[in-house]
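**Student:** when you get a sec, could you give me coordinates for this:
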Amino acid sequence: MELQFTQNGNQWIAETTVNAPYNLHIERKGAGKFMIYQRGTDSGQYATCNIGTDLAYNQGQVIDHDFKHEVYPKYIRIESGSEVTSATLTEAQS
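**Tutor:** Here you go, the predicted structure:
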């Protein structure tokens, strides 16, 4: 699934729902902060997803990372400090 990011100030943001372990492949114009937030309910506030500082402060343009949560569905919000040029989320097949 292709993710659509929208600009909000100096952040590029996308929100989606995942139902299985997934891979994110994101290409950006440059370096910048990268964060993922999650929640286990279909509404309410997001909590910080522990993705580690290596990924959160990735200095590269390309992010390719696998994620696994214990409970699904999971509602996620992705924020990038650099403009996203392409973003694909691939869920594991059950």
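
**Student:** endpoints of stretch 51-69, how far apart?
**Tutor:** Terminal residues of stretch 51-69 are spaced 12 Å apart (Cα to Cα, to the nearest Å).

**Student:** check stretch 67-77 too.
**Tutor:** One end of stretch 67-77 to the other measures 13 Å (Cα to Cα).

**Student:** buried residues in that stretch?
**Tutor:** By neighbour count on 16 or more other Cβ atoms under 10 Å, the buried set for stretch 67-77 is 67, 74, 75, 76. (Each C-beta comes from the backbone N, C-alpha and C, glycine too.)

**Student:** go on, stretch 41-49?
**Tutor:** Residues residue 49 are the ones in stretch 41-49 that count as buried (16+ other Cβ under 10 Å).

**Student:** ok, now stretch 75-93?
**Tutor:** So for stretch 75-93, counting by 16+ other Cβ under 10 Å, buried means 75, 76, 78, 79, 80, 81, 82, 84, 87, 89.

**Student:** the protein: strands as residue ranges?
**Tutor:** For the chain, the strands defined by DSSP state E cover 6-8, 11-18, 22-28, 34-39, 47-48, 62-67, 74-80, 84-91.

**Student:** the second one relative to strand 22-28, how many degrees between them?
**Tutor:** Between strand 11-18 and strand 22-28, the angle comes out at 160 degrees (axes from the mean of the first three to the mean of the last three Cα atoms, to 10 degrees).
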